[in-house]
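J.: coords below, sequence missing:
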């Protein structure tokens, strides 16, 4: 069942979030004070509104309490607007507020005024790039609390063995969620699946466990 989302801020990050949600079949409304940005994003989403998100009456009139989530994507141009908007959203009872932070201090303030979740896309992309540079055998990695989801190039020593023989969960403390083989993705592969050269494993495990496997390549 499609969700309903509002993205506040139609800059590069907000636009990307809004269009991605829309292409996945979600109902999306975008709010920004810049009418040119609203006109640009309008055809891509269900609703685009030129409005001041720091005005409590406006937020109430737009019915944001009924949204699955509201994403505060206001960038570095106005930290005050970002913080004020987040506080007002919490005050009017929005059930899930995800706010973009541009620094550690900004993140702390956003959490303190009511954000349920804070993201820093620049920091996350920087961290992911650093991991790829230091360990190129890790194709990509996503933090999930104490565990990470990662794509790892299959170590040569694993070629020709199946998942039962490797016993990844007990021997390497990793769970194999999928295998990417060329253009094909084998989701939830069976224990008898034999691994081939060039396979990329999609695994879940601790950062240390992922690093140990990546270092085998």
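T.: Received the coordinates, thanks. From a predicted model like this one, the values you see are computed outputs, not experimental measurements. Residues are numbered from 1 along each chain as shown.
J.: remind me which residues of the chain are low pLDDT?
T.: Along the chain, segments meeting pLDDT under 70 span 1, 76, 125, 127-145, 217.
J.: For the closest residue to residue 42 other than its chain neighbours, which residues count as its bridge partners?
T.: Counting by CB to CB, 6 or more residues apart in numbering, residue 48 is the residue found nearest to residue 42 once chain neighbours are left out, at 4.1 Å. (Glycine included, C-beta is placed from N, CA and C.) Using DSSP bridges, the bridge partners assigned to residue 48 are residue 30.
J.: Spell out which residues sit in contact with residue 48, please.
T.: Residue 48 is in contact with 10, 29, 30, 31, 32, 38, 39, 41, 42, counting by CB atoms under 8 Å, 6 or more residues apart in numbering.
J.: right, and residue 28 touches residue 5 too?
T.: Yes: the criterion here is CB atoms under 8 Å, and residue 28 meets it with residue 5 at 5.2 Å.
J.: can you list residues touching both of these two?
T.: 18, 21.
J.: ok, those two, which is more surrounded?
T.: Taking other CB atoms under 10 Å, residue 28 and residue 5 do not tie; residue 28 has more neighbours (26 against 23).
J.: circling back: next one: the residue nearest to residue 42 relative to residue 69, how far apart?
T.: Distance, residue 48 to residue 69, using CB to CB, to the nearest Å: 18 Å.
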